[in-house]
Structures are given as structure tokens and as C-alpha cells.
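Engineer: missing the sequence, but the structure's below:
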Ligand SMILES: [Zn+2]
């Protein structure tokens, strides 16, 4: 009988040790790489969207950036990943989904940071290097590529309706329903999808015929239109509202913003 108790005691002890070790492990992973000490200062200096939030909003933004950076790995490819790069990628991820409290980028595992532009074969040395960011497909599924230069410029020039990080994350949001077609069905209510499709098509048609203050790259197809107009919406909401009221209204519906 005594021996049975001894065995039980040892088993319970082993279980406690296992749980203890496991908990420490879990804690360590969930903490990931902490935000840099001066993250508030950096966010304030570089991210207009953050500057415009009230104190409570700023705190929420910081938490969500930290959570994103814990879940997604950021790897430099011939580029050093500096604190500011990590923070800006996190900011680019959270800005579009700030109005959607429970959002998770489940379709993203890693962001590759390239120093300069690259071509469609991911060749950094090629002469044709028009791409400044990309959402991976096929073997590169769950990977986003972004260039360091474009990432930073997107935030430094905060009044030109262009931000590569926001552009790429808009693509990911669009892609979450399985298709990258400019219609983010996962967040846009079904009753609005036809109206949104028609609005995209008519705007693209007008852009092609008459030009536009919207970046012409958006007229390539609805997926690019959605990414480009999302940059405009988050960088210069006031201007978009003045120039394209219906687009502004629909994007507010999509991104659940209250302005
Ligand atoms: Zn694009």
C-alpha cells in the first residue's frame, strides 16, 4: 500500500514539474521579442494614425501591435530588421483592422524585409524591379514581402495617400475569404457586396477614361483598386471624403471606422 502511495506521489510530482515547465515555455513564446523601450516615441514620431488617437486608443493600438509582432515573424533578407521596421510593419498591420476588435491575420506567418525593390522572381538584383511589396502565393503562401525603403517612406510621407504596408495588409484582408478580388467578404456585409463591386468597377472605368487623384495603379484590377483606395482612406480620410464621398462611406463600412 505504501508503495502505491509513493508511486502516486512521484507521478503527481512529475506532472507538476511538467506543467510548471510547460507554463514557463508558453509564457516565453507569448512574450516573444518585446517592443523596444522607446516604442511610444517611435510610434508618435512616425505614425500619424497613432498620433491622432486619444490615450486609451493609443494604448489599445500599442497592445495590438505587440500582439501582432508576437504572432508574426519578421525576417530580414539582406536587410537588418531594426526596431523601427518592426514597429512600422506592426502599425501597417493594425491600422486597417483597428476598427475590427477581434481581427487576427491567420493567413500570415512571416514578413520578409528586403532592402530595395525586387521583381516577380524575388530576385533583388534584377534590372526590372518594380515591386515594392507582395503578398505571397503558392510556395510563398502565408508570407508577405516588403521593402525597407518603401515601408519607411510610406510612413514618413503621411500625406500622399501612399503607404506600402497598408497596401499589402489590405491585400491580406481581401485574401482572407479565399480570393483576392477587391471584395473582402469576411468583413463586408453581404448586402453591400454588389454595391461595392459596382462602385469599384465604375470608379476604375472613370479612372481609365479621365484620370484621377487616386493612384492610377488602382485601375489595374479590383484587387489593386481595393489596396490603393485603402491607402488613401487611412492616410487622407478627409480628402477622400471630400473627393469621393461614396467610396469613403463604403470603406467606413468595410473597415468599421467611425469618423
Ligand atoms: Zn498590390
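Structural biologist: On my side now, so go ahead. Only a predicted model underlies this, so the values are computations on that prediction, with no experimental measurement involved. Numbering: from 1, shown residues only.
Engineer: And the closest residue to the ion within the chain, what's its pLDDT?
Structural biologist: Residue nearest to the ion within the chain (Cβ to the ion): residue 227, separated by 4.5 Å. C-beta coordinates here come from the backbone N, C-alpha and C atoms, glycine included. Residue 227 is assigned a predicted lDDT (pLDDT) of 96.
Engineer: which outside residues touch whichever helix or strand it is part of?
Structural biologist: Using DSSP states H and E, residue 227 sits in helix 222-235. For helix 222-235, the surrounding residues in contact (Cβ atoms under 8 Å, 6 or more residues apart in numbering) are 48-49, 95-96, 158-163, 166-168, 170-171, 174, 180-184, 197, 200-201, 203-204, 214-215, 217-219, 239-240, 247-248, 251, 255.
Engineer: Which of those residues fall within strands?
Structural biologist: In strands, judged by DSSP state E, none of the contacts of helix 222-235 are found.
Engineer: Let's see which of these end up in helices.
Structural biologist: Counting by DSSP state H, the part of these found in helices is 48-49, 95-96, 166-168, 170-171, 174, 197, 200-201, 203-204, 239-240, 247-248, 251, 255.
Engineer: Give me the number of neighbouring residues for the residue nearest to residue 195 when sequence neighbours are not counted.
Structural biologist: Spatial nearest neighbour of residue 195, chain neighbours left out: residue 250 (7.1 Å); criterion: Cβ to Cβ, 6 or more residues apart in numbering. When neighbours are defined as other Cβ atoms under 10 Å, residue 250 has 19 of them.
Engineer: what about residue 208, how many neighbours?
Structural biologist: If we define neighbours as other Cβ under 10 Å, then residue 208 has 11 of them.
Engineer: wait, it sits on residue 221?
Structural biologist: No: under the criterion of Cβ atoms under 8 Å, residue 208 is not in contact with residue 221, lying 11.6 Å apart.
Engineer: Give me the contacts around stretch 92-101.
Structural biologist: 47, 49, 61, 64-65, 68, 72, 103, 105, 151, 154, 163-166, 168-170, 173, 187, 230, 234, 255-258.
Engineer: Stretch 37-53 now?
Structural biologist: So stretch 37-53 is contacted by 36, 58, 60-62, 65, 83-84, 87-88, 91, 95, 98, 155-156, 158, 234-235 (Cβ under 8 Å, 6+ apart).
Engineer: list the contacts for residue 256?
Structural biologist: Counting by Cβ under 8 Å, 6+ apart, residue 256 has contacts 99, 100, 187.
Engineer: please redo it, this time with the cut-off set to 10 Å
Structural biologist: 97, 98, 99, 100, 101, 103, 187 (Cβ atoms under 10 Å, 6 or more residues apart in numbering).
Engineer: quick one, phi/psi of it?
Structural biologist: phi 60, psi 40 (degrees, to the nearest 10).
Engineer: can you pull the pLDDT of residue 23?
Structural biologist: 51.
Engineer: before we move on, what about residue 165?
Structural biologist: For residue 165, the predicted pLDDT is 95.
Engineer: repeat for residue 19
Structural biologist: Taking residue 19 on its own, its pLDDT is 58.
Engineer: again with residue 134
Structural biologist: Value for residue 134, per-residue pLDDT: 79.
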